[in-house]
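S.K.: fold the stuff below for me.
(2 chains, ligands or ions: 1)
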Amino acid sequence: MTVQITVKLYGTLDRWVAGYNPDSGCGVHLAAQSTVADLIDHLGIPPRSVGLVSVNGRAAKKADALPDRALVKVFHPIFGG
Amino acid sequence: MKFVRVDMSAKTVKDQTVPDAYRGIGGRALTSSYINDHVPATCDPLGPDNVLIFAPGYFSGTPLVNTSRLSVGAKSPLTGGIKESNVGGTVAAALANLGITAIIVEGRAPVDGCWVLSIDEQGRAALLDAADCKGLRTYALVEKLKSIHGDHSSVTCIGPAGEFQLAAASIQTTDLDGRPCRAAGRGGLGAVMGAKGLKAIIVSRSGKLADPLAAPDAFKDAAKAYAKAVKADEFSGEILPALGSACLVAPINEAGALPTRNAREGQFEGAEKISGETMARIIRERGGKNTHKGCAQCIIDCSNEFVDPAGRYVTSSLEYETIWSMGAMIGNSDLDAIARLDFLCDDIGLDTISTGVAVAVAMDAGYKPFGDAAAAIAMVEEVAAGSVFGKLIGNGPAAVGRHFNHHRVPVMKGQSMAAYDPRAIQGMAVTYATSPMGGDHTAGWVVDQNLEAFGGTLDRFSAEGQVEASRATQLHMAAVDSVGICDFAQTGLASPEGIANVYRMMAAKSGNPFSEKAWQELGLRVLRAERAFNRRAGFTPADDHLPRMFYEEPLPPYNKVVVVSDAAMEKTFDF
Ligand code: SF4
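M.R.: Residues are numbered from 1 along each chain as shown, chains lettered A, B, ... in the order given. Sure thing, here's the model as predicted:
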């Protein structure tokens, strides 16, 4: 069993995914029960480069499981004001 | 090390050696101490007793990067309290390179007087009659002044809004390209400058008279390490250069914290159209400029030049707060209209935040529909035309709310909040409520703690830890605003080694030891002075609360309200 995820990357995080298309994002297949942390690991993005992550429009934590066909948005950390 | 003292009533200018009480400080520490010591707190902010003071940060004019920051202080006509508004560009470095610790403007020229203060490369200052500059918008004014004074000067000026003495009037200053596009926006200090009859300050950028450093080599070592940290950080080294502060639109919107349609919602359906990612792409495609250097000695280049489809200049720099205030806050997803509104505010001399929120309140009251960008542009143009309605908009959201008898007005101490809804980031509720500045995001930005590391090291919907975070950040920022480091270069001091470099530079400039304790005392000195002034001006603990809408109206999509109690707000500062 796998889950199919659509990922959208913000800031300069797109550099971690070759050929990333900012309009459509990228599709990823992961084992069922995979978490937000698993997805970040799969994408090869260092966790310190990640700030907020949302799953289907809601802020998510690292250990949250990803439902099938989820839209996941990954944002960079922010600073400054 | 001198004050340039300008008496607008007597039309005199004289130099004064910096008195002992104000030695070793700059920026906000200097402006707020001076205002607290010398301005009668109950005076009319637009009268002759108010003082307008311009002070470069303590590090301005040194080899440290990102330190051309100018603090402007006075009693605010918008809040009725003390105000420090700071701005980048080139003027702070220019003043510091002339050995000028502050310009202090007192008195008031006769009504209809219009003067400019000119400071040459030797630091000699003169007041010049500028009746022919009266009424000019800032871009035209700068062109005119450049043709007379040459273009290697910085110009710090007001537009028509300042001349009309409107409470949301900004003071604009020129960037490295000589455009008056950088704003000391908050608090209506442009109105104070207008009331004094001072249209512009022209400062030579050729000065070579900077205060000497007590230990130049030690300073340079620490400054080098600091710059390295700023470059190495992903946010200041990579993301800000690529997208500017507009990189905040998407994450803040996703967090449900982007105030939309006068803060009726926390997410804007048009956010993707006005995000930093979209803006940078449009600028690239049209041949504008991303990664643009706005301020002297900057190594981050968060600025940009937004152009129209034909590649013609529209504005610089399109930033997060303006994209919010003229975008989501008024329900407008047309980035070209936002850019036009940004330019108009700079040109007329208006704070983009207060002006956008004033338009949002008018729309919320039913004057025009949300999302009507043409109506927003017309409202801002009315400010320059001097119409009655334009004066309402130019006096900010509280004035508009009073006019329409409309009670959804997101202001604190009379000044509008910024682009972070306090219901979705509780720490911002504390900062907005308790900052002596009124609704102000830079005074105590606690967004990172609430969103970092996969959704925050603080629970952003809980009161837990938010007062402490806001208090610590407000004290820290008071010190940062005093040394004059750009907010975005704070990545250089975010680590223990980074802040230690700042202490080393403080010691190396002054020749006196400087410790963490001294840093905290610097922040405390500022907040104490500001709170003391506000108390004398009539502020009470009740002024450290938020408007009812934030406690009573749940904010979609998370449907939360502010949960930090009034008692906790009042205890944020116990002095
Ligand atoms: S990062 Fe931006 S605001 Fe800061 S000094 Fe550079 S251009 Fe100016």
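S.K.: looks like residue B:291 contacts residue B:243 (just checking).
M.R.: No. Contact criterion C-beta atoms under 8 Å: residue B:291 and residue B:243 do not qualify, at 9.5 Å. C-betas here are computed from N, CA, C, even on glycine.
S.K.: please, which helix or strand holds residue B:73?
M.R.: Using DSSP states H and E, residue B:73 sits within strand B:70-75.
S.K.: so how far is residue B:495 from the residue of the stretch 51-200 of chain B found nearest chain A?
M.R.: Using C-beta to the nearest C-beta, the closest approach of the stretch 51-200 of chain B to chain A is made by residue B:66 at 11.2 Å. Applying C-beta to C-beta, to the nearest Å, the value for residue B:66 to residue B:495 is 16 Å.
S.K.: repeat for residue B:283
M.R.: Residue B:283 is 32 Å from residue B:495, by C-beta to C-beta.
S.K.: which one's more surrounded, these two?
M.R.: residue B:283 (24 against 12; other C-beta atoms under 10 Å in any protein chain shown).
S.K.: name the residues of the stretch 251-400 of chain B found near the ligand, please.
M.R.: For the stretch 251-400 of chain B, the residues in contact with the ligand (C-beta under 6 Å from any ligand atom) are B:293-295, B:298, B:300-303.
S.K.: show me where chain A dips below the pLDDT cut-off.
M.R.: A:81 (pLDDT under 70).
S.K.: quick one: contacts of the helix or strand that residue B:225 is a member of?
M.R.: Using DSSP H and E, residue B:225 falls within helix B:216-232. Here helix B:216-232 makes contact (C-beta atoms under 8 Å, 6 or more residues apart in numbering or on different chains) with B:62-66, B:213, B:236-237, B:299-300, B:489, B:491-493, B:495, B:497-498, B:501-502, B:504-505, B:507-509.
S.K.: wait, what's in contact with the residue in the stretch 451-575 of chain B positioned nearest to the ligand?
M.R.: Closest approach between the stretch 451-575 of chain B and the ligand, counting by C-beta to the nearest ligand atom: residue B:486, at 3.3 Å. By C-beta under 8 Å, 6+ apart, residue B:486 lies in contact with B:66-67, B:69, B:88, B:295, B:298, B:300.
S.K.: swap in residue B:174?
M.R.: B:89-91, B:142, B:154-156, B:180-182.
S.K.: lowest average confidence, helix or strand, in chain B?
M.R.: helix B:447-455 (a mean of 86; mean pLDDT, DSSP states H and E).
S.K.: in the longest strand along chain A, what's buried?
M.R.: For chain A, the strand with the greatest residue count under DSSP state E is strand A:2-9. The neighbour-count check on strand A:2-9 (16 or more other C-beta atoms under 10 Å in any protein chain shown) flags A:3, A:5, A:7-9 as buried.
S.K.: reformat the residues you listed as CSV; add distance to residue B:261.
M.R.: Below are the buried residues of strand A:2-9 laid out as CSV (distance: C-beta to C-beta, whole Å):
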residue, distance to residue B:261
A:3, 35
A:5, 32
A:7, 29
A:8, 24
A:9, 28
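S.K.: ok, which residues in chain B are in contact with chain A?
M.R.: Proximity of chain B to chain A (C-beta under 8 Å from any C-beta of the partner chain) is limited to residues B:233-236, B:238-240, B:242-243, B:245, B:247-248, B:250-251, B:254-256, B:267, B:275-277, B:281, B:441-442, B:445, B:447-448, B:451-455, B:487-488, B:490-491, B:494, B:557.
S.K.: picking up where we left off before, comparing residue B:291 and residue B:243, which residue is more hemmed in?
M.R.: Ranked by neighbour count (other C-beta under 10 Å), residue B:291 and residue B:243 place residue B:243 first, with 29 against 16.
S.K.: which outside residues touch whichever strand or helix holds that one?
M.R.: According to DSSP H and E, residue B:243 maps onto helix B:240-243. Around helix B:240-243, the neighbours that count as contacts under C-beta under 8 Å, 6+ apart are A:11-12, A:80, B:247, B:276-277, B:279-280, B:290-291, B:300-302, B:488.
S.K.: and the next helix or strand past that helix?
M.R.: That would be, after helix B:240-243 and using DSSP H and E, helix B:249-254.
S.K.: re the thing from before, and the residues of chain B next to chain A, which are buried?
M.R.: By 16+ other C-beta under 10 Å, those give B:233-236, B:238-240, B:242-243, B:245, B:247-248, B:250-251, B:254-256, B:267, B:275-277, B:441-442, B:445, B:447-448, B:451-455, B:487-488, B:490-491, B:494 as buried.
S.K.: and residue 63, how many neighbours?
M.R.: Using chain A. Using other C-beta under 10 Å, residue A:63 has 10 neighbouring residues.
S.K.: wait, chain B was what I had in mind.
M.R.: Neighbours of residue B:63 (other C-beta under 10 Å): 17.
S.K.: that's a strand at residue A:27, yeah?
M.R.: Yes. Per DSSP: H, G, I helix; E, B strand; the rest coil, residue A:27 lies within a strand segment.
S.K.: find the nearest non-adjacent residue to it, please.
M.R.: Distances taken as C-beta to C-beta, 6 or more residues apart in numbering or on different chains place residue A:6 nearest to residue A:27, at 5.8 Å, with adjacent residues excluded.
S.K.: that neighbour touches residue A:26, doesn't it?
M.R.: Yes. Residue A:6 is in contact with residue A:26 according to C-beta under 8 Å; the separation is 7.4 Å.
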